[in-house]
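Trainee: just coords:
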C-alpha cells in the first residue's frame, strides 16, 4: 500500500520484508526492517531501537554537581560529550559562569573527541562497508605502494611495508580467528575498490588503531585520567602550575608541550592518511549517491565550541547553530532550546505513554513512562519478532523541531555552515566536490555524510591548534584560573525551582540535557541525544525520521546480504545506550538477516 | 601506564580490568567487581586496577600495554544466574562481527582480537565471568545473585594473581574509591543513604 508522508516521501510496504537485527540479549537495540519492490529497491523503511529511558529516575534526588558522572556512563564512546553537556545544563540552571581557560580546555577536550571519534568511526566501523578485506589478500604490494605514494606524502608506503601488512593479515585470516573482520559481506558485488586500494585501507586501519591512543592522552592531561576523565561544574578540574614540576594533575609546560605535539601529529595523520583515503575510496563510488534522506531538506545543529567563555550565542559558537527546513538552503532559522514550541518529543509510535499522544512534550515537561503492549507487538520486550509500524514500534521517542523531522550530525553542521556562507565550511566542501568532479547535490548522500565527517575531523584538528595556542597565550599573560567556586555550595543556589539546558554538538550530532533543580537536588533530567533525532520513529502527522528517509530508494544487490542498508546506517555513526555485550563461548553474530 | 620506581627490578605489568555498564543491571558486574577488588586490596606494584566501563575499542591501548590481563565481566555461558566462570588464555573468546550496526556494540572479544592483530596481545589472560540474571534493567542495580558473586570473584582473582606471582595485601587504609561522584556502588544503589 502506498502512502505519502507530509515530509515528502512515498512509502510502500507491500513488497518483500527484509529484517536486519543485531542479535543481542539487550532489549531492542538498533533494528531495521525494509520492504523492497520487484527490482529490490527499498520502498519502505522502519527503524527501532533502545534509548536510555530511565536516566531521569537514576538522577532524581541526586546532587546536580554529580550528574555528569552518571550521564557519561550512558555511552562509553561519547563519555566526554555527555559530561560536558551535563555540566553546562547545571551551570545554566544555577547561573554559574566559568573562566576563559576552562572554556578553552573544554573546547580542546571536545575537539579531541571529534578527531578521535571520527577517525575511529571511519576506519573501524565504516570503512569496511566500502573496503573488501579479503580482496586485499590478492593485492600487489608494489602497485599498492605506487597508489599510496600517488595520493599522499605519508611515509609508510613502501612495497615492503604493504607486503608485511598483507602477510600479517594473511596469517590472521588463516589462523581462523577473523576477529574484527569476520562476518563481513566479503565479495559482495557492491564492493568496487581494486585489491590495492583495499590493502592500503587495511594498512591504515591498523595505523589508525595505533594512532588513536595518542589522541586520548589529551583527555588524560586535562581530565586527570582516561578512561572516564573528570569534569567539574564551574570550570575544569585541573589546576595550572606552569613553573611546577607537577603537583599531581597540574598543567605544566611539559604537559602543554605534550598536548601540542599530539595536535601536530593529529593534523598530519588526518591530512596525509584519513582524507586521502576518503577521497580515494569515494572516487570509486561516485555513482553510489544514495542515502541522502533528510539531509537536503531538514537539518538541525545546536552549535558548539564557544569562542568566549559563557557566551553560547551563534556569533560565539564556532560550530554552526540553526535549522533548515523544507530544503530552503537560503534561510537558516534561529533556534531556542528553551522555547516549548520548538523541540518536542512525540511517543505515538514509541513504547511510552503520554496523557495525550497527539501532542509532543518539551523536554522540561518530559515524562518517560514505559508502555510496551505485547498484544500489539509480535514477540517480547527483549525479543521483537516483527515490527508493526502502524502501532508503537520503538523505544526511541520522536523529537521534532517545530513539527519537522530533522537530521543531525556532521553533514547537518556542514550544510548549515555552507548555507551561512562560512568559508571554513564552504571552502573544503567545494574543494572536495571539485576534486571528485561531482555536483553539489552529491553532498546529500551516504557518502556526503561520510565526507562531512572527514572534513570536520580536519577542521577540528586545526581548531585544536588554535585553541591550544590561545590557552598558552592566556596562561603566559598571567591568567591561571580554571574554575569559579563562588557558587559551589548549594547554600548559594536559589531556593525555588530552577531550570537549565546544556547543549553540545556530539560527534554524531546535536545533544541536549534539560535539568530542573529544587532544594539543591535534581527534580527532573531529560536527555535528547543525536540518535533520538536520526533514528526516531514516525510522529502523529506521519513524518519519517532520518534513518528511515535515508534508506528509501536504495537498490539492493541481494536483500539477503544487506550491505547497502548497513552502509547508510553506519554513515550516521549511530549511538545507542552502551553495553559491553557479555562474552559467550562461541561469540556473537552481531546481526541476522531475514527475508520474507 | 604504571610507574616502576626501581628501574632494573622486573615487575609484572598487570592490568586488572572491570568492564560493563553500571547503569544497566547486571551489566555492571565487571566494574563493580573491579571496584570491590580495589577496595579490598592494595594495588600491587606494577599493577593497575581499571574501571573500563563500556569503552569498547578505546580500551585496546590498555590491553596492548598490559603484560598480563585479568578481566572481570558478565558472561553468557547459559549458567544459573550468579554462577562464576573462570577462563584462561585461548579459552577466552576472541570474536566479533563486522556486521554490527554501531561502534557502540564493540564487544571485548573484538578488543582482544584487535590486540592480537596488532601483534601485542597480553602474555597471560584470564577472565573472571559471572552469569547475569537481568541485563535489561536500565537504571537498575546488580541483582542479588550477582551481588553475592562479587566476594567469590575477588577470591578467584586473588588465586589467579597468586598463580602469576603477583602478591596481594589487604588494603590497610581506605583511600579514594575507584569510582567517585556518587556512582560508587553504595551511593549508586543508595545503600549508603538513610
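Mentor: That came through fine. Quantities reported herein were computed from a predicted structural model and do not represent experimental measurements.
Trainee: drop to CA atoms for contacts and neighbour counts, all remaining ones
Mentor: Fine.
Trainee: can you point me to the longest helix in chain B?
Mentor: Assignment by DSSP state H gives helix B:150-163 as the longest helix of chain B.
Trainee: Name the residues of that helix that come out as buried.
Mentor: Residues B:150, B:153-154, B:156-158, B:160-161 are the ones in helix B:150-163 that count as buried (16 or more other Cα atoms under 10 Å in any protein chain shown).
Trainee: and the next element down the chain from it?
Mentor: helix B:185-188 (DSSP states H and E).
Trainee: Now do the buried residues in that following helix.
Mentor: Buried-residue list, helix B:185-188, by 16+ other Cα under 10 Å: B:185, B:188.
Trainee: Quick one: list the elements packing against it.
Mentor: On a contact count with 3 or more Cα pairs under 8 Å, 6 or more residues apart in numbering or on different chains; DSSP states H and E, helix B:185-188 meets no helix or strand.
Trainee: tell me the mean pLDDT for that helix?
Mentor: For helix B:185-188, mean pLDDT is 82.
Trainee: who touches the longest helix of chain B?
Mentor: With contacts defined as Cα atoms under 8 Å, 6 or more residues apart in numbering or on different chains, helix B:150-163 is touched by B:29, B:32-33, B:36-37, B:70, B:84, B:86, B:126, B:128, B:167-168.
Trainee: Tell me which two in the residues you listed are the farthest apart.
Mentor: Using Cα to Cα, the two most remote members of the contacts of helix B:150-163 are B:29 and B:167, lying 24.2 Å apart.
Trainee: Those two: who's more crowded?
Mentor: Per other Cα atoms under 10 Å in any protein chain shown, whichever of residue B:29 and residue B:167 has more neighbours is residue B:29, with 32 against 13.
Trainee: and residue B:168, what pLDDT?
Mentor: pLDDT, residue B:168: 90.
Trainee: What's the end-to-end length of stretch B:60-76?
Mentor: Taking Cα to Cα, to the nearest Å as the measure, stretch B:60-76 stretches 22 Å from start to finish.
Trainee: tell me which residues of that stretch are tucked away?
Mentor: Within stretch B:60-76, judged by 16+ other Cα under 10 Å, the buried ones are B:60-76.
Trainee: Show me where chain A dips below the pLDDT cut-off.
Mentor: Across chain A, the ranges flagged by pLDDT under 70 are A:1, A:22-29, A:50-54, A:176-184, A:244-249, A:378-385, A:576-596.
Trainee: for chain B, what spans make up the helices?
Mentor: Using DSSP H, the helices of chain B run over B:29-40, B:60-65, B:108-117, B:144-148, B:150-163, B:185-188.
Trainee: In CSV, list these along with distance to residue A:20.
Mentor: Below are the helices of chain B laid out as CSV (distance: least, Cα to Cα, whole Å):
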stretch, distance to residue A:20
helix B:29-40, 30
helix B:60-65, 28
helix B:108-117, 21
helix B:144-148, 32
helix B:150-163, 37
helix B:185-188, 36
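Trainee: Just want the most central residue of chain A.
Mentor: For chain A, residue A:508 is the residue whose C-alpha lies nearest the centre (Cα atoms, centre = their mean; 1.7 Å).
Trainee: who touches that one in this structure?
Mentor: With contact taken as Cα under 8 Å, 6+ apart, residue A:508 is in contact with A:408-410, A:530-531, A:572-575.
Trainee: Leaving out sequence neighbours, find the closest residue to residue A:535.
Mentor: Spatial nearest neighbour of residue A:535, chain neighbours left out: residue A:547 (5.4 Å); criterion: Cα to Cα, 6 or more residues apart in numbering or on different chains.
Trainee: Could you identify the helix or strand that succeeds whatever helix or strand the one you found lives in?
Mentor: Per DSSP H and E: residue A:547 is located in helix A:546-551. Downstream of helix A:546-551, the next assigned helix or strand under DSSP H and E is helix A:563-571.
Trainee: Tell me which of the helices of chain B approaches residue A:163 most closely.
Mentor: Smallest distance to residue A:163 across these (Cα to Cα): 15.4 Å, for helix B:108-117.
Trainee: Report all helices and strands that that closest one contacts.
Mentor: Judged by 3+ Cα pairs under 8 Å, 6+ apart, helix B:108-117 is in contact with helix A:159-174, helix B:60-65.
Trainee: Just send the ones you listed back as CSV, with distance to residue A:520 too.
Mentor: CSV is the format used below for these (distance: least, Cα to Cα, whole Å):
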stretch, distance to residue A:520
helix A:159-174, 56
helix B:60-65, 38
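Trainee: for chain A, which helix is longest?
Mentor: Per DSSP H, chain A has its longest helix at helix A:446-476.
Trainee: Quick check: which helices or strands does that helix pack against?
Mentor: Counting contacts by 3+ Cα pairs under 8 Å, 6+ apart, helix A:446-476 packs against helix A:100-120, helix A:253-269, helix A:275-283, helix A:410-419, helix A:423-436, helix A:563-571.
Trainee: Quick one, which of these gets closest to chain B.
Mentor: Ranking the helices and strands packed on helix A:446-476 by proximity to chain B (Cα to the nearest Cα) places helix A:563-571 first, at 6.5 Å.
Trainee: Shouldn't residue A:344 be within a strand?
Mentor: Yes: counting by DSSP: H, G, I helix; E, B strand; the rest coil, residue A:344 is found in a strand.
Trainee: Name the nearest residue to residue A:341, ignoring sequence neighbours.
Mentor: Using Cα to Cα, 6+ apart and skipping the chain neighbours, the partner closest in space to residue A:341 is residue A:402 (6.5 Å).
Trainee: That neighbour is in contact with residue A:339, isn't it?
Mentor: No: with contact defined as Cα atoms under 8 Å, residue A:402 does not count as touching residue A:339 (10.1 Å).
Trainee: that older thread, now the longest helix of chain B: average pLDDT?
Mentor: In this model, helix B:150-163 has a mean pLDDT of 95.
Trainee: before we move on, back to that, nearest to residue A:463, out of the helices of chain B?
Mentor: Residue A:463 lies closest to helix B:60-65 among the helices of chain B, at 25.8 Å (Cα to Cα).
Trainee: Give me the contact list for that closest one.
Mentor: If you take Cα under 8 Å, 6+ apart as the criterion, helix B:60-65 is touched by A:210, A:213, B:1, B:15, B:69, B:111-112, B:114-115, B:120-122.
Trainee: Which single one of those is nearest to residue A:351?
Mentor: Using Cα to Cα, residue B:111 comes nearest to residue A:351 of these, at 33.7 Å.
Trainee: Would you mind measuring from that closest one to residue B:92?
Mentor: Using Cα to Cα, we find residue B:111 at a distance of 12 Å from residue B:92.
Trainee: between these two, which one's more packed in?
Mentor: The neighbour comparison of residue B:111 against residue B:92 (other Cα under 10 Å) goes to residue B:111, with 26 against 18.
Trainee: ok, that one - contacts?
Mentor: B:56-57, B:59-60, B:63.
Trainee: and those residues as TSV, adding pLDDT?
Mentor: Below are those laid out as TSV (pLDDT from 0 to 100):
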residue	pLDDT
B:56	78
B:57	80
B:59	87
B:60	88
B:63	90
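Trainee: quick one on the thing from earlier: if you count what's nearby, which of residue A:402 and residue A:339 comes out ahead?
Mentor: residue A:402 (14 against 11).
Trainee: if we can go back for a sec, buried subset of the contacts of helix B:60-65, written for ChimeraX?
Mentor: Buried residues among the contacts of helix B:60-65 (16+ other Cα under 10 Å), as a ChimeraX selection:
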select /A:213 /B:15,69,111,112,114,115,120,121,122
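Trainee: just the contacts of helix B:60-65 now: which is nearest residue A:358?
Mentor: Nearest to residue A:358, judged by Cα to Cα, of the contacts of helix B:60-65 is residue B:111 at 45.1 Å.
Trainee: where does the closest residue to chain B within the stretch 1-150 of chain A land in three-state SS?
Mentor: When distances are taken as Cα to the nearest Cα, the stretch 1-150 of chain A reaches nearest to chain B at residue A:76, 4.4 Å away. Classification of residue A:76 by three-state DSSP places it in coil.
Trainee: thought it was touching residue B:59?
Mentor: No: under the criterion of Cα under 8 Å, residue A:76 makes no contact with residue B:59, lying 10.4 Å away.
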